[in-house]
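*Asks:* What follows is a protein structure lacking sequence information:
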């Protein structure tokens, strides 16, 4: 089978055997935003035509390709959801010469009735849940929009999104803090000060101004401002996400540099961390394909 | 005497009698950022020359004119501070034909040793404290950098700054929320939903993403997004600022439109509000001048 994670800015494809082992892979820049209207079939054929020609005839896709801006909109599936529910909710896409199905995004509601959504991360979480087994766990996938998911019985029970990465970019570049920030290597000490500040009274909007006043009082150098701000925001995210669940351990899935920051902040907050290989999409697609009876 | 509030973008001058009554006033666009290096004496003379020629010889200045980017840097004075301490800490500026003194900004530290600063607001707070008398009060001056001050015994005991206005601008214009926001008149209902959301679990960074998901689920219109976000941020600010002090009533000092938002949010949070005329600078300058023995 072929598994594809087709996101906003890139397309990653995996040719896999019946046991889910990756035989070959592609990583190209042709994200969905580069595809002209009606151009998805041709774009897909351009990417994986040789594999189709070699006899592959089942393709499972996940990611933003199933969003309103994608090929076909795959409706969000309600949590709790595991590979069985996700497989049953996949959307077929007509395509000559192969069976194509699209993994749905997930949605959940908190106790106040406010919705949350993910699209793409559900496939990684299916793989993670498969590895962790049935015991409850709290997973963190940090990023522009960080996802925190409770896993239970091999399924995704509930999740929350934190707009941390995007808030960091907006606040560090488009407020007065930008004026006293200098590009510099990450400062672990300044990051840790930001994380510590997040656990104190006053709230995030007050803590942000502290980056300004600490600078005015010569207690935060321009080279340290971005790291302090990063620690402040990640600290606030962790405090809210961990407090909500009362978890003592987090399963962390992220690219190396960002995972290192979250690892440090979680440990500083007294939470144990297990780091996982972030390359989980292929395994998740294979697991969903198994529930589809494809392998 | 002449009182001057010389800020970043404007200069407001007041000619006052011995009782602090305003006889004449000026409001010009010549903020400190428009003044060339060494140009402050000429800029001041251009603004208030006629009053000086008419015999005024004492000028008290406050605002960003006392910052590092201003005429002379007036060091921050430590709280608690009232008109006596502020008058004693004014900085003289040599100027031919008149006595000039500069009001210091204030600084404070929280229990964690993190500093906060204000410059300009201290003069308004002196006037407010003078009106309110000696009983403890909590004052809120909303804005780009909102100030919350505890007043006690006619002095400013402590304060905190919240970067709410600036965070709103950055987050509403430079995140994914901008894509689904439409310019529209303020929506009181959406604002109230944002305020209510701020009191729920999850934290600000999660609540921000809720503006996105509510839109995806057709529960927040593009015309409502900015008001919802405004309510969310002001709600978080109020929750942190009021929780810190346990106050049941807030003395609110702000321009009409912004004061109306804070008034609504405070009442929604169960806090009583007294609205005050925001035009307090002249009275504050007159009060400090009295402590200087000028009237």
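*Replies:* Thanks, I have the structure now. All figures in this text were calculated on a predicted structure; none of them were measured in a lab.

*Asks:* C-alpha from now on. contacts and neighbour counts both.
*Replies:* Noted.

*Asks:* Can you show me the strands along chain A?
*Replies:* Using DSSP state E, the strands found in chain A span residues A:2-6, A:11-16, A:22-28, A:58-62, A:77-78, A:91-93, A:99-102, A:106-109, A:115-118, A:137-141, A:146-152, A:155-162, A:249-253, A:272-276.

*Asks:* do you know which of the ones you listed lies nearest residue B:156?
*Replies:* strand A:155-162 (36.7 Å; C-alpha to C-alpha).

*Asks:* how about that closest one, does it get close to chain B?
*Replies:* Yes: contact of strand A:155-162 with chain B is found when judged by C-alpha under 8 Å from any C-alpha of the partner chain, involving A:160-162.

*Asks:* what's around residue A:294, how many residues?
*Replies:* Residues lying near residue A:294 (other C-alpha atoms under 10 Å in any protein chain shown) number 14.

*Asks:* For it, give its distance to chain B.
*Replies:* Here residue A:294 is placed at a distance of 32 Å from chain B (C-alpha to the nearest C-alpha, to the nearest Å).

*Asks:* Closest residue of the stretch 51-200 of chain A to chain B?
*Replies:* residue A:162 (4.1 Å; C-alpha to the nearest C-alpha).

*Asks:* Can you tell me, leaving aside adjacent residues, what's nearest to that residue?
*Replies:* The shortest distance from residue A:162 to any residue other than its chain neighbours is 4.1 Å, reached at residue B:206 (C-alpha to C-alpha, 6 or more residues apart in numbering or on different chains).

*Asks:* One more: residue A:10?
*Replies:* Per C-alpha to C-alpha, 6+ apart, closest to residue A:10 is residue A:31, 3.9 Å.

*Asks:* Same check on residue A:255?
*Replies:* Nearest one to residue A:255, counting by C-alpha to C-alpha, 6+ apart, is residue A:278 at 6.2 Å.

*Asks:* Make a markdown table out of the strands of chain A and add mean neighbour count, distance to residue B:84 and mean pLDDT.
*Replies:* Putting those into a markdown table (neighbours: other C-alpha atoms under 10 Å in any protein chain shown; distance: least, C-alpha to C-alpha, whole Å; pLDDT from 0 to 100) gives the following:
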| stretch | mean neighbour count | distance to residue B:84 | mean pLDDT |
| --- | --- | --- | --- |
| strand A:2-6 | 26 | 67 | 98 |
| strand A:11-16 | 22 | 68 | 98 |
| strand A:22-28 | 13 | 69 | 96 |
| strand A:58-62 | 23 | 68 | 98 |
| strand A:77-78 | 18 | 64 | 98 |
| strand A:91-93 | 17 | 74 | 97 |
| strand A:99-102 | 20 | 72 | 98 |
| strand A:106-109 | 20 | 56 | 98 |
| strand A:115-118 | 24 | 54 | 97 |
| strand A:137-141 | 23 | 54 | 98 |
| strand A:146-152 | 23 | 51 | 97 |
| strand A:155-162 | 25 | 47 | 98 |
| strand A:249-253 | 21 | 54 | 98 |
| strand A:272-276 | 15 | 53 | 97 |
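
*Asks:* Residue B:248: which of those is closest?
*Replies:* strand A:155-162 (31.3 Å).

*Asks:* And the contacts of that closest one?
*Replies:* Contact partners of strand A:155-162, identified using C-alpha atoms under 8 Å, 6 or more residues apart in numbering or on different chains, comprise A:79-83, A:108-109, A:116-117, A:122, A:125-126, A:129, A:145-151, A:237, A:241, B:205-209.

*Asks:* list the buried ones in the longest helix along chain A?
*Replies:* Assignment by DSSP state H gives helix A:222-245 as the longest helix of chain A. For helix A:222-245, burial by neighbour count (16 or more other C-alpha atoms under 10 Å in any protein chain shown) applies to A:222-242.

*Asks:* For chain B, tell me which of these show up nearby.
*Replies:* Restricting those to contacts with chain B (C-alpha under 8 Å from any C-alpha) yields A:236-237, A:240-241.

*Asks:* of those, closest to residue B:192?
*Replies:* residue A:240 (22.4 Å).

*Asks:* Would you agree the closest one is in contact with residue B:202?
*Replies:* Yes: using C-alpha atoms under 8 Å, residue A:240 is in contact with residue B:202, at 5.5 Å.

*Asks:* quick one, what contacts residue A:13?
*Replies:* Per C-alpha under 8 Å, 6+ apart, neighbours of residue A:13: A:2-5, A:25-27, A:48.

*Asks:* would a markdown table of those residues with distance to chain B be doable?
*Replies:* Output for the contacts of residue A:13, formatted as a markdown table (distance: C-alpha to the nearest C-alpha, whole Å):
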| residue | distance to chain B |
| --- | --- |
| A:2 | 30 |
| A:3 | 27 |
| A:4 | 24 |
| A:5 | 22 |
| A:25 | 31 |
| A:26 | 29 |
| A:27 | 26 |
| A:48 | 31 |
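
*Asks:* Could you pick out the residues of the stretch 1-150 of chain A near chain B for me?
*Replies:* A:112, A:114-117.

*Asks:* how about 7 Å then?
*Replies:* A:114-117 (C-alpha under 7 Å from any C-alpha of the partner chain).

*Asks:* Quick check: the gap between the residue nearest to residue A:10 and chain B.
*Replies:* Residue A:31 is 18 Å from chain B, by C-alpha to the nearest C-alpha.

*Asks:* what's the neighbour count on that residue?
*Replies:* 19.

*Asks:* From residue A:149, how far out is it?
*Replies:* 26 Å (C-alpha to C-alpha, to the nearest Å).

*Asks:* Setting the sequence-adjacent residues aside, check what's closest to the residue sitting furthest away from the middle of chain A.
*Replies:* Here the centre of chain A is the reference, and by C-alpha atoms, centre = their mean the most remote residue is residue A:217, at 37.8 Å. Nearest in space to residue A:217, with sequence neighbours left out and distances taken as C-alpha to C-alpha, 6+ apart, is residue B:115 at 7.8 Å.

*Asks:* Who does that neighbour form a beta bridge with?
*Replies:* residue B:109 (DSSP bridges).

*Asks:* quick revisit: compile the contacts of residue A:13 into CSV and extend it with columns for distance to residue B:156.
*Replies:* Output for the contacts of residue A:13, formatted as CSV (distance: C-alpha to C-alpha, whole Å):
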residue, distance to residue B:156
A:2, 68
A:3, 64
A:4, 62
A:5, 58
A:25, 65
A:26, 64
A:27, 61
A:48, 69
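
*Asks:* Pick out whichever of those sits closest to residue B:14.
*Replies:* residue A:5 (66.0 Å).

*Asks:* Show the contacting residues for that closest one.
*Replies:* Counting by C-alpha atoms under 7 Å, 6 or more residues apart in numbering or on different chains, residue A:5 touches A:11-13, A:61-63.

*Asks:* Return the member of these nearest to residue B:44.
*Replies:* Of the contacts of residue A:5, the one sitting nearest to residue B:44 (C-alpha to C-alpha) turns out to be residue A:63, at 61.7 Å.

*Asks:* burial count for that closest one?
*Replies:* 26.

*Asks:* just checking, it touches residue A:7?
*Replies:* Yes: the pair residue A:63 and residue A:7 qualifies as a contact (C-alpha atoms under 7 Å) at a distance of 5.2 Å.

*Asks:* Show me where the stretch 51-200 of chain A dips below the pLDDT cut-off.
*Replies:* By pLDDT under 70, the stretch 51-200 of chain A has no low-scoring segment.

*Asks:* Show me where it has its helices.
*Replies:* Along the stretch 51-200 of chain A, the segments classed as helices by DSSP state H, counting those that start in this stretch run A:83-88, A:121-132, A:164-173, A:188-198.

*Asks:* Between strand A:2-6 and the second one, find me the angle.
*Replies:* What that stands for is helix A:121-132. Here helix A:121-132 runs at an angle of 130 degrees relative to strand A:2-6 (axes from the mean of the first three to the mean of the last three C-alpha atoms, to 10 degrees).

*Asks:* Just want the angle from helix A:121-132 to strand A:272-276.
*Replies:* Using the same axes, to 10 degrees: helix A:121-132 against strand A:272-276 is 110 degrees.

*Asks:* ditto for the last one
*Replies:* Following the same axes, to 10 degrees, one obtains 120 degrees for the angle between helix A:188-198 and strand A:272-276.
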